[in-house]
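Trainee: here is my input; please provide its structure:
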Amino acid sequence: MPLPITRVPKNLMWLDKVLKDFVDRSLELKGYGFGALDEINSLNLEYPYLWVNPTRTRILANDRTVKSGYSIIDCELEIIVADKLRSDKLNEVETISDVNEILMSLIAEISQDPYYTKTNVSLVDDIEIENEWEENDDIVNRVKATFTLRWPFSYKYCGEPVSGITYSSP
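Mentor: Residues are numbered from 1 along each chain as shown. Coordinates of the predicted model:
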């Protein structure tokens, strides 16, 4: 099912759905998690898996032509793709190659797919991919990358879950 293209404000719930959709459409990924890194081993994830840890959100005020002064949201994500090593470790090179390929496919989709263009979502800055060998208690090879997604700030004060400000005229 394709994701809807809307003007509704995008938030972490939207981001979770977008990345879960990528995993669901993937021919290789089997597991998915969204949250703090210390939760990875507490879940029974199938391999290979994609893990998303949103680490920081910034609302930028670089466009003063917008009424509120805020026009952009930057969300920094730590993305991990991991695959299980066999006990004899004969698949060591294969697993690190496969998880690199999966992560690069995700980056290519976000940077090139028309869905992201139409919703004004983009990647910001360079992306460094770190290989990690035999990580976690599960003995996995994984790649880790931190990247920043940018999308328009489209929140309006009247749409938020608060009551209006009461005031009296002078």
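
Trainee: in which helix or strand does the nearest residue to residue 129 once chain neighbours are set aside reside?
Mentor: The shortest distance from residue 129 to any non-neighbouring residue, by C-beta to C-beta, 6 or more residues apart in numbering, is to residue 145 (4.7 Å). All C-beta spots, glycine's among them, are computed from the backbone N, C-alpha and C. Residue 145 belongs to strand 140-152 when assigned by DSSP states H and E.

Trainee: state the pLDDT value of the residue lying closest to residue 69 once chain neighbours are set aside.
Mentor: Distances taken as C-beta to C-beta, 6+ apart put residue 61 closest to residue 69, at 4.9 Å, once the chain neighbours are dropped. Looking at residue 61, its pLDDT stands at 79.

Trainee: quick one: contacts for residue 61?
Mentor: 69-71 (C-beta atoms under 8 Å, 6 or more residues apart in numbering).

Trainee: between those, which sits nearest residue 27?
Mentor: For the contacts of residue 61, the closest approach to residue 27 (C-beta to C-beta) belongs to residue 71, at 37.2 Å.

Trainee: now whichever helix in the chain runs longest: buried residues?
Mentor: In the chain, assigned by DSSP state H, the helix with the most residues is helix 92-112. Of all the residues in helix 92-112, those buried under the rule 16 or more other C-beta atoms under 10 Å are 95-96, 98-100, 102-103, 105-107, 110.

Trainee: what about the residue lying closest to residue 152 once chain neighbours are set aside, distance to residue 113?
Mentor: Leaving aside its chain neighbours, residue 152 sits nearest to residue 120 (5.0 Å; criterion: C-beta to C-beta, 6+ apart). Going from residue 120 to residue 113 by C-beta to C-beta, to the nearest Å gives 13 Å.

Trainee: okay, and residue 69 sits in which element?
Mentor: Counting by DSSP H and E, residue 69 is part of no helix or strand.

Trainee: also the one 10 residues further on?
Mentor: Element membership of residue 79 [criterion: DSSP H and E] is strand 72-84.

Trainee: and for residue 59?
Mentor: strand 49-60.

Trainee: pLDDT score assigned to residue 67?
Mentor: 62.

Trainee: residue 133 too?
Mentor: 86.

Trainee: for the spatially closest residue to it that is not a sequence neighbour, give me its contacts.
Mentor: In this structure, residue 133 finds its nearest non-sequential neighbour in residue 141, 5.7 Å apart by C-beta to C-beta, 6+ apart. Residue 141 makes contact with 82-83, 85, 92, 95-96, 99, 131-135 under the criterion C-beta under 8 Å, 6+ apart.

Trainee: for residue 71, see how far away the residue nearest to residue 69 is.
Mentor: For residue 61, the distance to residue 71 - C-beta to C-beta - is 8 Å.
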